[in-house]
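Visitor: How does the following fold in three dimensions:
(chains A, B, C and D)
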Amino acid sequence: MSTFTPTEMMTVAAARALSNDDVCFVGIGAPSAACNLARLTHAPDITLIYESGTIGTAPTVLPLSIGDGELCDTALNTVSVPEMFRYWLQGGRITVGFLGGAQLDRFGNINTTVVGDYDKPKVRLPGGGGAPEIAISCGEIFITMKQSTRGFVEKLDFITSLGHGKGGSDRADHGVHTKGPTRLITDLAVWETDPQTKEFTVTSLHPGASRKDVEDTVGWPAKFADHVIETPAPSAEELQVLRDLHARTKAAHEGQ
Amino acid sequence: MSTFTPTEMMTVAAARALSNDDVCFVGIGAPSAACNLARLTHAPDITLIYESGTIGTAPTVLPLSIGDGELCDTALNTVSVPEMFRYWLQGGRITVGFLGGAQLDRFGNINTTVVGDYDKPKVRLPGGGGAPEIAISCGEIFITMKQSTRGFVEKLDFITSLGHGKGGSDRADHGVHTKGPTRLITDLAVWETDPQTKEFTVTSLHPGASRKDVEDTVGWPAKFADHVIETPAPSAEELQVLRDLHARTKAAHEGQ
Amino acid sequence: MAKFQSLADAVADNLNDGDSVAFEGFTHLIPHAAAHEAIRQGRKDLTVMRMTPDMIYDQLIGMGCVKKMIFSFAGNPGVGLLRRFRDALENGWPHQLEIEEHSHAAMANAYEAGAAGLPCAIFRGYRGAELTRVNPNIRFVECPFTGEKLAAVPALRPDVAVIHALKANRKGDVFLEGITGVQKEAVLAAKRSIVTVEEIVDDFEGLSPNATVLPAWTVTSIAVVPGGAHPSYTQGYYGRDNSAYLEWDKIASDRDKFMDWMKANVLDRTPDIFAGRVAHLKTQG
Amino acid sequence: MAKFQSLADAVADNLNDGDSVAFEGFTHLIPHAAAHEAIRQGRKDLTVMRMTPDMIYDQLIGMGCVKKMIFSFAGNPGVGLLRRFRDALENGWPHQLEIEEHSHAAMANAYEAGAAGLPCAIFRGYRGAELTRVNPNIRFVECPFTGEKLAAVPALRPDVAVIHALKANRKGDVFLEGITGVQKEAVLAAKRSIVTVEEIVDDFEGLSPNATVLPAWTVTSIAVVPGGAHPSYTQGYYGRDNSAYLEWDKIASDRDKFMDWMKANVLDRTPDIFAGRVAHLKTQG
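Guide: As a prediction, this is how the structure comes out:
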C-alpha cells in the first residue's frame, strides 16, 4: 500500500460516490478530478456534463476551466449555454450535481458570493455561477471541500445556493423537491445527510483522521453516526490513475 | 406583350411589393410563388424564411410543403422550429409576413380555422398554424388571395389572425404595435390599407379588371382610392421567369 | 438507456391504450412506419399531439385510435384539408373527436417548456386571436417588470414521443439533421420515446460538435426501419414522395376507399415494406 | 447588413460612452482584441454584462471604463478571483462599481429572452437563494395553470454585443462552432453587434445545415483579427493559453503592475499583435 495525501483520499472517496449510470454536472476543481477519476476507474460509462454545454465529455487531462477545448473535443455533443440550463439542468436530466464552495454550513447551504456584508464585502468571491440552480435541479448534490473553520461555518455570510435551509423540511418548504445535499466528502471524512434533521453526519473517517481532527476543523458541533467506519484507503489502481491524470494535466498545461 | 392569366398578374403584383432588403416569412401556395418570383427577378438578395426553420432559402423549384428538402438544401441555415418562432419571428427580425386565407374581412382579419360554428363546423379548415403570431410579429403583412364573395366576407366566422380588428386603432388597442396588413394583392386589384380607418382600399386595378368586377367579388361595399391606377401588366421577363418556375416545379413533383 | 428493438416490440413496450403521444416531425422525418405499427396493434383512446398532424393523424383518427387531438395545423401539407379528420369533427365518424387547438408558436413553445421541465410556456402571442375564446388552456400572465400581457400555455409532456431520425450509433445515441422541427424537444419532454432510424453506424465520426444529437440515456427504444418516414423524407437518404401526398387526398375522401387502403397498405403489412417504398426516391450521397 | 471594417472603426462606430455592452464568450471565443480596442479608445461609463466576466472585464474595470457590471460568475476561470474587480468593489479603485448579480441560469435565460424579443425570462430558479434579497431585478410570477412560483428576470438587451467567431463568408454571414455559449443570443438580443473573426472565406461549403450561423443581416460590423480571442481560444484554430490566465493572477494583484502591463500590452499595441500571440498555440487542422 502506497502512502497518499488527504487530498488524494478526498478525491478518491468522492469518485467512489459516483456510479456508471450517473449523469453528473461537474464543477471545476476538486469535483472535476473526482468525476474524471470515477470515469477512468469503476464508472467508465458515467455521463459527465460541464455547464459550458459539453455533454458526455471524456477529457484525457483535467480542464483548467469549465470550457476548455478538450471538453468539447471529447464530448458526444456540445449545446448552447441557454439550452444547457433549460433542457439539461432545469429539465431534470442530471442525477448528481457536484459542488464546492468557500463557506458551507451543516445543512449543506453554500456561500460562494461574499465574505462579510454583501454591500461592503470583506472578500468578494466570484459569485454563484451555475450553483443556485444546480443546487435545486439535480437529483442529488454531492459536495467536496477541504475542512477548515474558515470554510465550515456556523452561519454563512451569504446563502448562494440552497442546501437543506434551516434543516428538517425547510428545503421542501421552499418548493424544492429534489434530494439536495446527500453527501459531503472532505479531506478527513465522508459525511451523510441525516434523513430527519438534514444535518451532515460523519459516517466514515479517512485513514489516520480522528474525531478530534474533524471537530477542530468545523465551526459547528460535529455530529457522528452511531457506527462510524474507516474509509477504505485508496487502492493502488485508484492512486495510480489519479496521479497519472494529474501528471498528464500538469504536462499539458505547462506545455503551452 | 404576351397575354397572362389573372393568377399570374396576382403573383407578379405580389412579387413587386417585395424589396431586396426584405426578410420575408413565406406562407405556402400563392405567397411562395410571389416571394420566389421576387427573388428571381428584382430582389435577388431578399431573405426568404419558411416556418420549418429554413433561413435564407433559394429553392430552384417551388416547394409543395413548407418543409421540403429543397428549402433546407438551398438555405443559409436551418434552425429548430422553437428557435424559428422565438428568435426569428417573435424576436422581430421579419420585415414582411406573407399570408393567405380562406376568409378575409375588410380590415385584414383572416379566418383559416372553420366555416360555420367552431363547435359544429360546416367546414373544418386546417387551423392557424403560424398565422396568429406571424400576423402580430412581422413588421408588416401582405395578403394575397383570389377574390370571391365566399372568401371576402362582411364578417368572419372565426378570427384566426388579427389584422386591424374593428379598424381604426383597434389593433394597437390589442397591444400590437407592428403595422399589420398594409397591402392586399388579388387577382383583380391591389388594395392598400387606409391610414385612418384601416380598411382595404383599391389603389390599382389589374389590366382588364373593372370596378364592378371588384365589387361583385367582395362581400362588403368596396372602397376605391381617389386615384386608382392601372397595375402595370407583367413584363415579358416577369412572365417568363414565373412560367419557368412553375414548369420546373411541375416537372420536379411529377418526376417522383 | 436506449434499447434496440423491433418496431413491433418498441410500440408494444412503450405505447399503451389511453396514452398521450406525439408522433412528431415537421414535413421532414415524419414517423409513418411507427404510426402504422400503432394502428396495427389497435391502440385506442390516444391523446395525440402534433404541430402539423397530417396523413398519419388522418389515418390514426380514421382507424378509431384517437380520443383527443392537440394541434396547430391540421392539413395535408401543400395539398389541402385532412378528410378523415374533417369527417370525425363534422360527422363524428368513426366516433367523436375532442380537440385542443393552438397556434404553431404556442405548440413550439409548449414542447420547449416541456423539454425545459417548466409547467408552462410564456410568449407573445394570440393577441386578437379567437382561439383564446374556445381554448381554456390559453391564458395570460403579466411581465413583472413591464406589465406587458404575455400568453401562457401548459407545457406539452406526452407519455410517449415517437420520431424518425437519420441514424443511431451502437451506443444508442441518435442523430438528426436538416429540418429538425420540434423532435428533440418532444423526446426530451416525453416520459418515454421511440426512435426509428434509417441505419445504425459504429460511431458518429465527422459530425459537428454542435450537431443535433439525443444521447442514448434520453431515448427509450430504437428500431431500425429504413424508409420509415415515407412518404415524408429523410435528409441525405431519400426525397419526399409528393405524389403520395397528392394521392392521399383522393384515398381519404371516401370511407370505404380509406378502409381498403389501410387494409392493403398498413394492416396487412410489416415495417419491412418501407425500404421498398423509398427505393425510387434515393438521393445521391 | 454586416459591414467589413477595421476593428478600430468597428468599435468607434458602434460603441459609445455610456452604452450597455456584452463582450460575450464562455471560456471559448472571448473577444479580447475587441475589449482592448475599447480600452484604447477610452470608453467610459459602460454598463458591461457577461455571464463569466473574466480577464477582459478585470481590465475594463481596472482601466476605469465601467460604471456597472451585470454578471453571474466573476472569476479568473480555473485560477481564482478577479483582483481588479475586487479592488473596485472592496476599495472603490479606480472608482465605485455598481453591480447587478444573477445566477448563470438567470443570465442565460435573460439573453435568450432578449433574442426572443420578450421583456422577461421565466424559469425555475433562485429558490432559497439570497441574491433575491439584494437584487430587485429578481421577481417571481405564478404559473397560471399549476400555481407554481417561477423566477423572472428582465431580458438582457445590450446596446452592443461583441463576440469572436471562427469565420465569416464574403456576404458577412458568421459561423461559430464548439462551445458557443450565449453568443448567438447576445448578438440577436443587441441593438448593434461587432464580430471579430479569424478569417474571411469565400463560402461555407461543407457546413451542416444546422450549424450555428448568424446571417449577415443580423450583424453590424465584422473585423478580421486573427488570434483575436487570445489567451482564450478558437476551436480548430488555436488552443487556450492557460499560462496567460495563471500569470494574470499576479499581474492583476498589484495596481502598478497592472497599469504597466496594460500600457505595454494594450495601450501601446494594435490588434495586429494578436496573430503572433497565438503562433505557438496553433492546433493541427
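Visitor: Tell me where the stretch 1-150 of chain A has helices.
Guide: Counting by DSSP state H, counting those that start in this stretch, the stretch 1-150 of chain A has helices at residues A:6-16, A:30-40, A:69-73, A:81-83, A:131-137.
Visitor: Could you work out which of the ones you listed reaches nearest to B:Val79?
Guide: B:Val79 lies closest, by Cβ to Cβ, to one member of the helices of the stretch 1-150 of chain A: helix A:81-83, at 12.3 Å. All C-beta spots, glycine's among them, are computed from the backbone N, C-alpha and C.
Visitor: Please tell me how far the residue in the stretch 151-256 of chain A that chain D sits nearest to sits from D:Ser243.
Guide: With Cβ to the nearest Cβ, the shortest gap between the stretch 151-256 of chain A and chain D falls at A:Leu162, namely 3.0 Å. Distance from A:Leu162 to D:Ser243, counting by Cβ to Cβ, to the nearest Å: 37 Å.
Visitor: more crowded one of the two?
Guide: Between A:Leu162 and D:Ser243, A:Leu162 has the larger neighbour count (other Cβ atoms under 10 Å in any protein chain shown), namely 26 against 14.
Visitor: mind listing what's buried in the longest helix seen in chain A?
Guide: Ranked by residue count, the top helix of chain A under DSSP state H comes out as helix A:236-254. Neighbour counts over helix A:236-254 (16 or more other Cβ atoms under 10 Å in any protein chain shown) mark A:238-239, A:241-242, A:245-246, A:249, A:252-253 as buried.
Visitor: cool, and stretch A:5-23?
Guide: Neighbour count says stretch A:5-23 has A:6, A:8-18, A:22-23 buried, by 16+ other Cβ under 10 Å.
Visitor: I'd say C:Arg277 and C:Gly227 touch.
Guide: Yes - here C:Arg277 reaches C:Gly227: they are 5.5 Å apart, a contact under Cβ atoms under 8 Å.
Visitor: out of these two, which sits in the busier spot?
Guide: When C:Arg277 and C:Gly227 are compared for neighbours, C:Gly227 comes out ahead with 26 against 20, by other Cβ under 10 Å.
Visitor: Surely the more buried one and C:His280 touch.
Guide: No - in this structure, C:Gly227 is not within contact of C:His280 by Cβ under 8 Å, at 10.9 Å.
Visitor: that older thread, could you dump the buried residues of helix A:236-254 into TSV and include pLDDT?
Guide: Converted to TSV, those look like this (pLDDT from 0 to 100):
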residue	pLDDT
A:Glu238	97
A:Leu239	97
A:Val241	98
A:Leu242	97
A:Leu245	96
A:His246	96
A:Thr249	91
A:Ala252	84
A:His253	78
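Visitor: how about the residues you listed in JSON lines, adding distance to chain B?
Guide: Listed next are the buried residues of helix A:236-254 as JSON lines, based on distance: Cβ to the nearest Cβ, whole Å:
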{"residue": "A:Glu238", "distance to chain B": "43"}
{"residue": "A:Leu239", "distance to chain B": "46"}
{"residue": "A:Val241", "distance to chain B": "40"}
{"residue": "A:Leu242", "distance to chain B": "41"}
{"residue": "A:Leu245", "distance to chain B": "37"}
{"residue": "A:His246", "distance to chain B": "41"}
{"residue": "A:Thr249", "distance to chain B": "37"}
{"residue": "A:Ala252", "distance to chain B": "35"}
{"residue": "A:His253", "distance to chain B": "36"}
